[in-house]
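Peer 1: Next come a sequence and a model predicted from it.
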Amino acid sequence: MDIIPKARLLLLSVLVVYTFQNSVFAKEEPTPKEVVTVLLNAMKNNNEEQIRAVFADNASQEYERWYKRKNSGDRFKSWLESDIINVHGQVIEPVLKMTGNQVVVTGTYKNNDGYSSPANFLLVVEQGKIVSWTMRYD
């Protein structure tokens with residue numbers, strides 16, 4: 001095979017890949033609101049894998065106005081297991097408001113331990129994953 005057919009084959013391959021990546025078949029990154037909606041539905045259904053999957057590896061969690069450091073890394077994962085997954089934590093009648101990559105969730109947080117409280121959560125989404133979850137208080 002001489003150089004011209006090889007170059008044509010390479011060019012054709014590049015065009016096919018480019019066209020596919022930029023076609024309607026290419027998956028677009030979900031909006032922050034869509035990511036948070038997936039989390040809320042997973043919480044409602046207590047879908048452990050899906051709950052874990054919406055968070056970035058470096059996700060963090062904190063309580064606003066508390067003198068507590070952020071939970072991140074293994075501490076975040078432990079918090080997610082104990083405070084959300086193991087007790088089937090969920091938001092009842094959630095209302096979502098998105099500004100940029102931030103989504104505020106209000107409603108009522110309930111879990112199977114009998115805990116219930118007004119929900120006011122600020123979730124930050126980057127590259128299709130939740131990177132921060134802040135519990136806010138009025």
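Peer 2: It's in.
Peer 1: Show me where the chain has its helices.
Peer 2: 3-21, 32-44, 48-53, 74-80 (DSSP state H).
Peer 1: so what's residue 96 up against?
Peer 2: Counting by Cβ atoms under 8 Å, 6 or more residues apart in numbering, residue 96 makes contact with 33, 36, 37, 40, 103, 104, 105. Yep, even glycine has a C-beta here, placed from its N, CA and C like the rest.
Peer 1: how does it look with 10 Å?
Peer 2: Residues near residue 96 by Cβ atoms under 10 Å, 6 or more residues apart in numbering: 32-34, 36-37, 40, 103-107, 121, 123.
Peer 1: and if you look at residue 64?
Peer 2: Residue 64 makes contacts with 120, 121, 122, 134, 135, 136, 137, as judged by Cβ under 10 Å, 6+ apart.
Peer 1: From those residues, list just the buried residues.
Peer 2: Taking 16 or more other Cβ atoms under 10 Å as the criterion, what is buried in those is 120, 121, 122, 134, 135.
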